[in-house]
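1. coords please:
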Amino acid sequence: PAPVAEWGNDFVAAATPGAPVRRAVSDAAGRFTLFLPAKSRYELTVFDPTTGLIARGYGITGASGATTPIASGLVFAASTAADRDGDGLPDDVEAALGTDPRRADSDGDGVGDWEEWV
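-> Below is the predicted model of the structure:
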């Protein structure tokens, strides 16, 4: 049977134009909080390390002070992204983890990203 992702302890990254990528790790129930600019486009990437599945979502944040449910409707699936650095982690997974998709050993410690994260 195919693995089924469940929310909890997932790596979350949200990118908005002109701002640094915001990252979080969800709690055991899958809850996380990120502060994103109001009325801005966002791209959300969520990686479930238990199953290796990834979910991606896009949208526009709400007005200032409003809560935007950015993770509703996400569907986890196997990554189909390229692996530019050949380290075994697809680029979208590296986006969620915060590793460099152009370097097989992002932190330069002699241990490749795959070995450190999987």
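2. going forward, measure contacts and count neighbours with C-alpha atoms only.
-> Fine.
3. Figure out how far stretch 8-28 is from the centre of its chain.
-> 6 Å (Cα atoms, centre = their mean, to the nearest Å).
4. send the alpha carbons of it over as CSV?
-> The C-alpha coordinates for stretch 8-28 follow below in CSV (Å, rounded to 0.1, in the frame of the first residue of the first chain):
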residue,chain,number,x,y,z
GLY,A,8,2.3,16.3,12.5
ASN,A,9,6.0,17.2,12.9
ASP,A,10,6.2,18.3,9.3
PHE,A,11,8.6,20.8,7.8
VAL,A,12,6.8,23.9,6.5
ALA,A,13,8.2,26.7,4.2
ALA,A,14,6.2,29.7,3.0
ALA,A,15,7.7,32.0,0.3
THR,A,16,6.3,35.5,-0.5
PRO,A,17,7.8,37.9,-3.1
GLY,A,18,10.4,40.2,-1.7
ALA,A,19,10.6,38.6,1.7
PRO,A,20,12.7,35.9,3.3
VAL,A,21,11.2,32.4,3.3
ARG,A,22,9.5,31.7,6.6
ARG,A,23,9.9,28.2,8.1
ALA,A,24,8.2,26.2,10.8
VAL,A,25,7.9,22.7,12.1
SER,A,26,4.3,21.7,12.8
ASP,A,27,3.5,20.3,16.2
ALA,A,28,2.3,16.7,16.7
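5. Which positions within that stretch qualify as buried?
-> 8-16, 21-26 (16 or more other Cα atoms under 10 Å).
6. ok, so of these, who is nearest Y42?
-> Minimum distance to Y42 across those is 4.6 Å, recorded for T16 (Cα to Cα).
7. ok, so what distance separates the closest one from F32?
-> Per Cα to Cα, to the nearest Å, T16 is found 17 Å from F32.
8. And the helices in the chain?
-> Along the chain, the stretches classed as helices by DSSP state H are 91-97, 113-117.
9. Lowest average pLDDT across those helices?
-> Here the lowest mean pLDDT among the helices of the chain goes to helix 113-117, at a mean of 89.
10. in that one, what's buried?
-> Of the residues in helix 113-117, D113 count as buried by neighbour count, 16+ other Cα under 10 Å.
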